[in-house]
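In: Give the three-dimensional model of this entry:
(2 chains)
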Amino acid sequence: MAERVHKQKTSSDRTAEVADESGATTEQGDKLRAELDDLLDEIDDVLEANAEDFVKSYIQKGGE
Amino acid sequence: MAIPKVCGIETEYGILVRGGESNPVAASSVLINAYVNDRSRRVDWDFEDESPGVDARGFSYEDALAPEVESHLVNAVLTNGARYYVDHAHPEISTPECSDALQALVYDRSAEEIVRLSMALAAPLLPEGAELLLHKNNSDGKGNSYGCHENFLVARETPFGRLVSEITPHFVTRQIFCGAGKVGCEAPGYSSHEVPFQISQRADFFEEEVGLETTLKRPIVNTRDEPHCDPQKYRRLHVIVGDANMSEGATLLKLGTTSIVLSMIEDSFIGSDLALAHPVPAIRQVSHDPTLRRTLLMQSGARMSALDIQWQLLERATRYAAERGLESVGEEVGRLVLGLWEEVLQGLSGDRSSVADIVDWVAKERLLDAYSRRHDIAPGDARLRAIDLQYHDMRPGRGLAAKVGLRTFVSSDEVEHGVDHAPHTTRAYFRGECLRRWPDDIVAANWDSMVFDVGRDPLRRVPMMEPLRGTKAHVGALLEASTSISDLVERLGA
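Out: Numbers count the residues shown, from 1 in each chain, chains lettered A, B, ... in the order given. Just a heads-up that it's a prediction; the model follows:
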């Protein structure tokens, strides 16, 4: 699997290679896109009701 | 010869009390005490051998670090071998020592479960109407950062200067697959208008190439020399440059690729030609460029993108695996990491959405973009910052990371088992099992020793200076046969 990594590949070669193998990639992409759509449908129920206040009140002390 | 890459992760969680007085130190104590009091008799951490002021470059620096010494507030050791404590103003969990990256991923996920259990147990203890919010993130968006640190066992004989120069290109560029993503910018001199979204939570906070600090002037390579094991043979490389990940694949890659690169450094396999001319500006430059197109100036005078550097590291790692094997990181886990490393670089080089189930910042960016399109909102809208925060929300049902389809690499059974049980393959097994079996007879524990009350003076300290001794294979039968702590100590010949 890792043998497919050739030395001195250019960015455009890699892009072409990905496009060639796009069968699995597209299937995975479709699945993720469907999940994203589902999430967008429900996200407003899950999100903080008052985003502005919540973001303003989110203050942490530095750590480590 | 590369030594086994024993590793672990320490995560400081963001904490907020809503609807009550928000004192983060008190809130962290309530959270952790609720868990520890419910779970077992409390065993405290032992500070005997802690010396965070010792520098790997060979000098000691105790005075300057006074504010860094831990607060001693709540500090417990758990039966899974982990440490759970209040550090500054955050609850923090250090996973037990793990023998490979995949095992460390299990314990990082178990730590998340421990936090969720703690939230449920602490809820009834809060004032009426108050709610504890925990976030596995690294910044509040207002210039305050807290860490997710990794630790790796490395050979003392590897010259530290070479280790620093050869690991730095990886630390600057690995964020392209293990960055957690952030709305806005906190680096001095930049505005969120210029950088509406960036790859890493943490990159804005790094100001030095190498140093001892963790809270100010944070360095890309931290030099804390506190091995918690035999200092003649080992270092513990304390890595402060990473983001806390929600994606299992990202955590696996973060630990796995770093373990392999460190092994290559120990075996003098990697070379110095990937050295960057200016690592500190480079780490921000990479983070601020989600197009991944910008190039970095190398010491050689050449220019390479972060992707180019990672392809080079992968190519060398692949050759290293073929020529030397991956025993130091676990053969099977090493192969899994190499395959995922290639997959993620392919995805980032081409159809980026194909790795949205592995790369946190890609998953977060897609969500932000899709939400912006649907509601027609512009950069700078508070809802985008709220989505960013809520991606890391630990509340069941509310955390967005759990809803974006991230790929899983460990089973829920493994994660649940890891909440109470230590890994079998490191000294954490001895620590955790002793605690599980004889909690009332353990006075204190830390990474490299335990103190037992054997029923008569004096207390007995059992040193554990080898991270790969005290495993189930090594002491399992002994623990099984021992009827009491004093019996165990006798059998150990301590």
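In: going forward, measure contacts and count neighbours with C-alpha atoms only.
Out: OK.
In: so who does the residue of the stretch 101-250 of chain B found nearest chain A touch?
Out: Residue nearest to chain A within the stretch 101-250 of chain B: B:Tyr146 (4.3 Å; C-alpha to the nearest C-alpha). By C-alpha atoms under 8 Å, 6 or more residues apart in numbering or on different chains, B:Tyr146 lies in contact with A:Lys61, A:Gly62, A:Gly63, A:Glu64, B:Glu12, B:Tyr13, B:Gly14, B:Asn138, B:Ser139.
In: quick one: which of those is nearest B:Arg235?
Out: A:Glu64 (19.9 Å; C-alpha to C-alpha).
In: I figured B:Tyr107 hits B:Thr95, correct?
Out: Yes - B:Tyr107 is within contact range of B:Thr95, at 5.9 Å (criterion: C-alpha atoms under 8 Å).
In: follow-up on the earlier one: tell me which element the nearest residue to the residue of the stretch 101-250 of chain B closest to chain A once chain neighbours are set aside falls in.
Out: Among residues not flanking B:Tyr146 along the chain, A:Gly63 sits closest, at 4.3 Å (C-alpha to C-alpha, 6 or more residues apart in numbering or on different chains). Using DSSP states H and E, A:Gly63 falls within no helix or strand.
In: B:Glu92 now?
Out: B:Glu92 is part of strand B:90-94, with elements assigned from DSSP H and E.
In: if we can go back for a sec, spit out the contact partners of the residue nearest to B:Tyr146.
Out: Contacts for A:Gly63 (C-alpha under 8 Å, 6+ apart) come out as B:Glu12, B:Asp87, B:His88, B:Ala89, B:His90, B:Asn144, B:Ser145, B:Tyr146, B:Gly147, B:Thr215.
In: And the closest residue to chain B within chain A, how close does it get to B:Cys148?
Out: Ranked by C-alpha to the nearest C-alpha, the top residue of chain A for proximity to chain B is A:Gly63, at 4.3 Å. Distance of A:Gly63 to B:Cys148, given as C-alpha to C-alpha, to the nearest Å: 10 Å.
In: What is the neighbour count of B:Val239?
Out: Close neighbours of B:Val239, defined as other C-alpha atoms under 10 Å in any protein chain shown, add up to 23.
In: helix, strand or coil for the closest residue to it other than its chain neighbours?
Out: Spatial nearest neighbour of B:Val239, chain neighbours left out: B:Glu150 (4.9 Å); criterion: C-alpha to C-alpha, 6+ apart. What DSSP: H, G, I helix; E, B strand; the rest coil gives for B:Glu150 is strand.
In: Look up the residues forming beta bridges with B:Glu150.
Out: B:Glu150 has these beta-bridge partners by DSSP bridges: B:Ile9, B:Val239.
In: who touches both of A:Gly63 and B:Cys148?
Out: What both A:Gly63 and B:Cys148 touch, as defined by C-alpha under 8 Å, 6+ apart, is the set B:Glu12.
In: Now do residue 50, the pLDDT please.
Out: With no chain named, the answer covers chain A. With respect to pLDDT, A:Asn50 scores 92.
In: could you do chain B instead?
Out: 68.
In: And the helix or strand bottoming out on mean pLDDT in chain B, what does it pack against?
Out: Within chain B, no helix or strand scores below strand B:44-45, which has a mean of 78 by mean pLDDT, DSSP states H and E. Secondary-structure packing of strand B:44-45 (3 or more C-alpha pairs under 8 Å, 6 or more residues apart in numbering or on different chains; DSSP states H and E): strand B:75-77, strand B:442-445.
In: chain center to that strand: distance?
Out: The chain centroid and the centroid of strand B:44-45 are separated by 21 Å, computed with C-alpha atoms, centre = their mean, to the nearest Å.
In: Break down the chain into its helices, ranges please.
Out: I went with chain A, as the question did not name one. Along chain A, counting by DSSP state H, helices occupy A:11-20, A:22-46, A:51-57.
In: wrong chain, I was asking about chain B
Out: Taking DSSP H as the criterion, chain B carries its helices at B:24-39, B:101-122, B:160-173, B:175-178, B:248-266, B:279-287, B:306-324, B:331-349, B:360-375, B:382-391, B:412-420, B:428-437, B:472-481, B:485-492.
In: related to what we said a few turns ago, pull the residues that contact the strand holding B:Glu92.
Out: The contact list for strand B:90-94 (C-alpha under 8 Å, 6+ apart) reads A:61, A:63, B:8-15, B:24-25, B:28-29, B:31-32, B:82-86, B:111.
In: can you tell if stretch B:375-391 touches chain A?
Out: Yes - Stretch B:375-391 reaches chain A (C-alpha under 8 Å from any C-alpha of the partner chain) through B:Ala382, B:Arg383, B:Arg385, B:Ala386, B:Ile387, B:Gln390.
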